[in-house]
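> below: sequence and its predicted model.
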Amino acid sequence: MHHIDIEVVEMTMDVMKYVIGRITKTDPDIGLAISEEELREKVGETVNSKGIGGLKAFELFKEVLVKHIVSIDNPRHLAFVPAAPTRASILFDLVTAASSIHGSYWMEGAGGIFCENEAMRWIVSLTGLPKGSFGVFTSGGTAANLSAIVTAREHWRSKSQENIHKRGIILCSSQAHSSVKSMAKIVDAAIVTIATQEALSKEDLSNAFNELSKEDQNSVFAVVANAGSTNSGIIDHMEEASLFCKQHDLWMHVDAAYGGGALMSDKVRDQFKGIENADSITIDPHKWFFAPYDCGAIIYKKPELAKNAHAQHGSYLEIFNQKGMEGFNPSDYQIQLTRRVRGLPLWFSLAMHGTDRYKLAVDTALDLAKKAEEMIKERDYLSMVRPISLSIVLFKRKGWTFDDYRKWTLHNLKNNVALVTPTLYEIDGTMESIARFCFINPETSAKDIAVILDSMN
Ligand SMILES: Cc1ncc(COP(=O)(O)O)c(C=O)c1O
């Protein structure tokens, strides 16, 4: 298995040929999931004691399996938060894998970690956080949110002996991403959600805080603010949230997993004012920084607090702290020990293209949202649900129920038209099914939008 023979050489060529074909496709089929039973029937047994051979396995992947995977980079994939990795970053993902880099400690991964840190320095500069702030790449926004929550909770506990045995409380809006609630569960923190569909204000936070008992107020350790909520792109009032946090000595975490890319854009940058006061910020490069999956990032105003919370200690790890081995150790700042240098594909693409082209790509997505709004308003069977926020457009097809949206989504998926999914939004006190676009991919065109909107007629 570990020897080089003709089979390995041929397989390398086959893989490269496939890669060239795939990354030069501008309109890959969207792909449709089928059941596990159907897939098993199509591919048969693949793992047995003797192996089925690389040729056969690759053939099955190319001819069968890949057809049942949604191509997240299809320009008409506008559901959830899509992704559109640059071709350069995808290629360098291959290089990253081929280079077998252990990205946990400088001693092992220096050259790769150096590159990650170059990319990270630029991302941190976009946030406006003060000198000394820094971050690390994680497996995604969920891991970044967890890393921040653990850091915040440990910092709170370090402030008073009393806090050590208390269950901490986090305040956030009901628009916070599901991962915030889920990660709070992991650290056994309670969540107080503030019901709102709009941007969280200082007043909202104060009202929720004042409703708590004195004991609970003393257990609140963090606020999680949205900088681009997943459902509607809402940015909470950053400055007000930071004032509230300062007043009550709370950790301010900003979830900019989706919205973070918009920090690049002069068109919307002022909407983030106050983000520079955060204690930590989640940004997902695999969303609006055009990196391949999976690549998240967590940034801290005081990275040493993250190190206090996350650095692992073990007799086998002591060598990493010895003279001559020192350097930046990404594992000290987030939940994972062994890690790939997942910021490396982003670094290569940034180094190749320069940051201006990133900014242009983000602006293109913002313009596409505006264009979509115009096109919706031109069609009498459609109406906007709320003004666009960042690159998210919420609209509805007059007279449709959830079942109509479901059938439409499935029909477009089955016919390789688009992947656009419905969501729920409260309109006049009632939760309604509506349609939602999220633009990331700069290769989406006005024609793509028209095709999708016309499919609702
Ligand atoms: C605002 C926000 N936070 C967190 C996440 C979770 O990120 P990930 O899926 O990378 O773990 C998402 C994912 O869409 C998100 O939109």
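Yes, it's here.

> how far away is P82 from the ligand?
10 Å (Cβ to the nearest ligand atom, to the nearest Å). Quick note: C-beta positions are derived from backbone N, CA and C, even for glycine.

> could you give the number of residues near that residue?
23 (other Cβ atoms under 10 Å).

> contacting residues around W347?
Going by Cβ atoms under 8 Å, 6 or more residues apart in numbering, W347 touches 92, 115-116, 118-119.

> phi, psi for the closest residue to the ligand within the stretch 351-457 of the chain please.
Nearest residue of the stretch 351-457 of the chain to the ligand (Cβ to the nearest ligand atom) works out as C438 at 9.0 Å. With angles defined as degrees, to the nearest 10, C438 sits at phi -130, psi 120.

> from what I can see it touches S389, true?
No. Contact criterion Cβ atoms under 8 Å: C438 and S389 do not qualify, at 10.7 Å.

> confirm that I164 sits in a helix.
Yes. I164 sits within a helix when classified using DSSP: H, G, I helix; E, B strand; the rest coil.

> which residue packs closest to the most centrally placed residue in the chain, ignoring adjacent ones?
Centroid check for the chain by Cα atoms, centre = their mean gives D284 as the closest residue, at 3.7 Å. Nearest residue to D284, sequence neighbours excluded (Cβ to Cβ, 6 or more residues apart in numbering): A257, at 4.2 Å.

> who in the stretch 201-350 of the chain is up against the ligand?
230, 255, 257-258, 284, 296 (Cβ under 6 Å from any ligand atom).

> which residues in the stretch 301-450 of the chain form helices?
Under the criterion DSSP state H, counting those that start in this stretch, the stretch 301-450 of the chain contains helices at 303-310, 344-353, 355-377, 402-414, 446-454.

> next, the buried residues of the longest one.
Residues of helix 355-377 classed as buried under the neighbour-count rule (16 or more other Cβ atoms under 10 Å) are 358-359, 361-366, 368-369, 371-373, 375-376.

> please apply the same query to stretch 174-182.
By 16+ other Cβ under 10 Å, the buried positions in stretch 174-182 come out as 175-177, 179-181.

> and what of stretch 108-117?
In stretch 108-117, counting by 16+ other Cβ under 10 Å, buried: 109, 112-113, 115-117.

> ok, these vs the ligand, which is closest?
E116 (17.1 Å).

> since we're on the nearest residue to the closest one once chain neighbours are set aside, how many residues are nearby?
Nearest in space to E116, with sequence neighbours left out and distances taken as Cβ to Cβ, 6+ apart, is G343 at 3.5 Å. Residues lying near G343 (other Cβ under 10 Å) number 31.

> and the stretch 51-200 of the chain, which residues reach the ligand?
81, 140-142, 177, 179.

> please convert those residues to CSV, extending it with secondary structure and pLDDT.
Formatted as CSV, these follow (DSSP: H, G, I helix; E, B strand; the rest coil; pLDDT from 0 to 100):
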residue, secondary structure, pLDDT
V81, coil, 97
G140, coil, 98
G141, helix, 98
T142, helix, 98
H177, coil, 96
S179, helix, 97
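
> what's the closest of the buried residues of stretch 174-182 to the ligand?
Nearest to the ligand among the buried residues of stretch 174-182, with distances taken as Cβ to the nearest ligand atom, is H177, at 3.4 Å.

> follow-up on the earlier one: which residues does the residue nearest to E116 contact?
115-116, 119-120, 137, 285, 291, 295, 297.

> try it again at 10 Å.
Residues in contact with G343 (Cβ atoms under 10 Å, 6 or more residues apart in numbering) are 96, 103, 112-113, 115-120, 123, 135-138, 285, 289, 291, 295-297, 330, 350.

> and W122, how far is that from the ligand?
For W122, the distance to the ligand - Cβ to the nearest ligand atom - is 20 Å.

> ignore the last one, V95
23 Å.

> my guess is that residue contacts S349. True?
No. Checked against Cβ atoms under 10 Å, the pair V95 and S349 is beyond contact range at 11.5 Å.

> and those two? which has more neighbours close in?
Shown here are V95 and S349; by other Cβ under 10 Å, S349 has more neighbours (27 against 12).

> so that one touches S89, yeah?
Yes. S349 lies in contact with S89 (Cβ under 10 Å); the separation is 3.9 Å.

> correct me, but A222 touches D255?
No. Using Cβ under 10 Å as the test, A222 is too far from D255 to be in contact (11.5 Å).

> find residues that contact each of those two.
What both A222 and D255 touch, as defined by Cβ under 10 Å, 6+ apart, is the set 148, 172, 280.

> got the residues you listed as JSON lines, with secondary structure and neighbour count columns?
JSON lines is the format used below for the shared contacts of A222 and D255 (DSSP: H, G, I helix; E, B strand; the rest coil; neighbours: other Cβ atoms under 10 Å):
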{"residue": "A148", "secondary structure": "helix", "neighbour count": "30"}
{"residue": "C172", "secondary structure": "strand", "neighbour count": "26"}
{"residue": "S280", "secondary structure": "strand", "neighbour count": "29"}
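
> from those, which is closest to I427?
C172 (22.9 Å; Cβ to Cβ).

> which residue, other than its chain neighbours, is closest to the closest one?
In space, and not counting its chain neighbours, C172 is closest to V224: 4.0 Å by Cβ to Cβ, 6+ apart.

> then T142?
S179 (4.0 Å).

> and L382, by the same measure?
I376 (4.7 Å).

> hang on, the earlier thing: in a markdown table, list the buried residues of stretch 174-182 along with distance to L129.
Below are these laid out as a markdown table (distance: Cβ to Cβ, whole Å):
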| residue | distance to L129 |
| --- | --- |
| Q175 | 23 |
| A176 | 21 |
| H177 | 21 |
| S179 | 22 |
| V180 | 20 |
| K181 | 26 |
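
> show me the two of the residues you listed that sit farthest apart.
Largest pairwise distance in those, by Cβ to Cβ, is 12.8 Å, between Q175 and S179.

> what do the two both touch?
In contact with both Q175 and S179: 230, 255, using Cβ under 10 Å, 6+ apart.

> V224 falls within a helix, correct?
No. The assignment for V224, made by three-state DSSP, is strand rather than a helix.

> for V224, see how far away the residue nearest to D284 is.
Shown here: A257 relative to V224, a distance of 11 Å by Cβ to Cβ, to the nearest Å.

> I186 now?
For I186 relative to V224 (Cβ to Cβ), the value is 14 Å.

> including pLDDT and distance to N415, could the contacts of W347 go into CSV?
Listed next are these as CSV, based on pLDDT from 0 to 100; distance: Cβ to Cβ, whole Å:
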residue, pLDDT, distance to N415
F92, 98, 34
C115, 98, 42
E116, 98, 41
E118, 98, 44
A119, 98, 39
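
> could these go into TSV alongside distance to R167 and secondary structure?
Shown next, in TSV, are the contacts of W347 (distance: Cβ to Cβ, whole Å; DSSP: H, G, I helix; E, B strand; the rest coil):
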residue	distance to R167	secondary structure
F92	43	helix
C115	41	helix
E116	35	helix
E118	40	helix
A119	37	helix
